[in-house]
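> sharing a model that was predicted from the sequence below.
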Amino acid sequence: MEENEYKEYDSPFFAMISRMKYISRWALMRNSYPENISEHSLEVAMLAHVLAIISNKKLGNQLNAEKAALIGMYHDCTEIITGDMPTPIKYYNRDTRDAYKNVEQQAAKELLEMLPDYLRDDYESLFFLKAGEEYIWKLVKAADKLSAYIKCIEEEKAGNREFSSAKAAIYEKLTEMDLPEVRIFIRDFMEAYKKNLDELRNV
């Protein structure tokens, strides 16, 4: 089909996605430096990508690492509409968790509907779980927690004790996930996050 055969659109989708950089994370915490969901999502995408590669190389799986990265890129984009709900509130009880999950689902649908119809199918599987991709989504969730754990390490390194309890809680959650990919990443990469630039260059 030629380009001029397509219906013309005035789609706000990518203008909305670009607003991820305005949504701050860790709203209840004193931060030594701010983090927005655009920065966080890039890190999650990179971590999800490497977790999928580790899964393939070390555990004999055949996951689509590029798809894992894309899901990671968009995993928090609904917060453009909902805002970043602090974890203690989001998971206060089952009713609160379920209600927020429903709000997230509605926000995802709203964003998808902003896309031209010829693109919607390509993006739907980045917003909603597709059959057969359950493990990729589990790795993205693990990447999300790894990113949060890394943030805690960086805050501690800056002398901020505000994140100490969060660090312990997130590490416990990562342990509970019982994913070999996460254990391998922590073993091979996590110690370096505690080093300064000169130490990193002299590894």
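Happy to help now that I have it.
> pull the helix or strand with minimum mean pLDDT from the protein.
The helix or strand of the chain with the poorest confidence is helix 87-90; it has a mean of 62 (mean pLDDT, DSSP states H and E).
> name the helices or strands packed onto the helix or strand just after that helix?
Proceeding N to C from helix 87-90, the next assigned helix or strand is helix 94-113, under DSSP states H and E. Counting contacts by 3 or more CB pairs under 8 Å, 6 or more residues apart in numbering; DSSP states H and E, helix 94-113 is packed against helix 13-17, helix 79-82, helix 87-90, helix 117-127. Bear in mind the C-beta positions are built from the backbone N, C-alpha and C, glycine included.
> give me the mean pLDDT for the longest one.
The pLDDT scores in helix 117-127 average 95.
> now swap in stretch 135-154 and tell me
Here the average pLDDT along stretch 135-154 is 97.
> which other helices and strands contact the helix or strand in which F189 is found?
F189 is located in helix 180-189, with elements delineated by DSSP H and E. Helix 180-189 is packed against helix 37-59, helix 134-157, with contacts defined by 3+ CB pairs under 8 Å, 6+ apart.
> what's the neighbour count on R183?
14 (other CB atoms under 10 Å).
> now G72
For G72, using other CB under 10 Å, the count is 29.
> wait, it sits on A52?
No: checked against CB atoms under 8 Å, the pair G72 and A52 is beyond contact range at 9.7 Å.
> residues in contact with N160?
Contact partners of N160, counting by CB atoms under 8 Å, 6 or more residues apart in numbering, are 30-32.
> give me the low-pLDDT residue ranges for this protein?
Low-confidence segments of the chain, defined by pLDDT under 70: 1-7, 85-92, 100, 203.
> if we can go back for a sec, buried subset of the contacts of N160?
N31 (16 or more other CB atoms under 10 Å).
> for L179, state which of the contacts of N160 is nearest.
N31 (27.8 Å; CB to CB).
> phi, psi for the closest one please.
phi -100, psi 140 (degrees, to the nearest 10).
> quick check: the gap between N56 and S147.
According to CB to CB, to the nearest Å, N56 and S147 sit 21 Å apart.
> likewise A108?
20 Å.
> between those two, tell me which one has more neighbours.
Higher neighbour count among A108 and S147: S147, with 23 against 20, using other CB under 10 Å.
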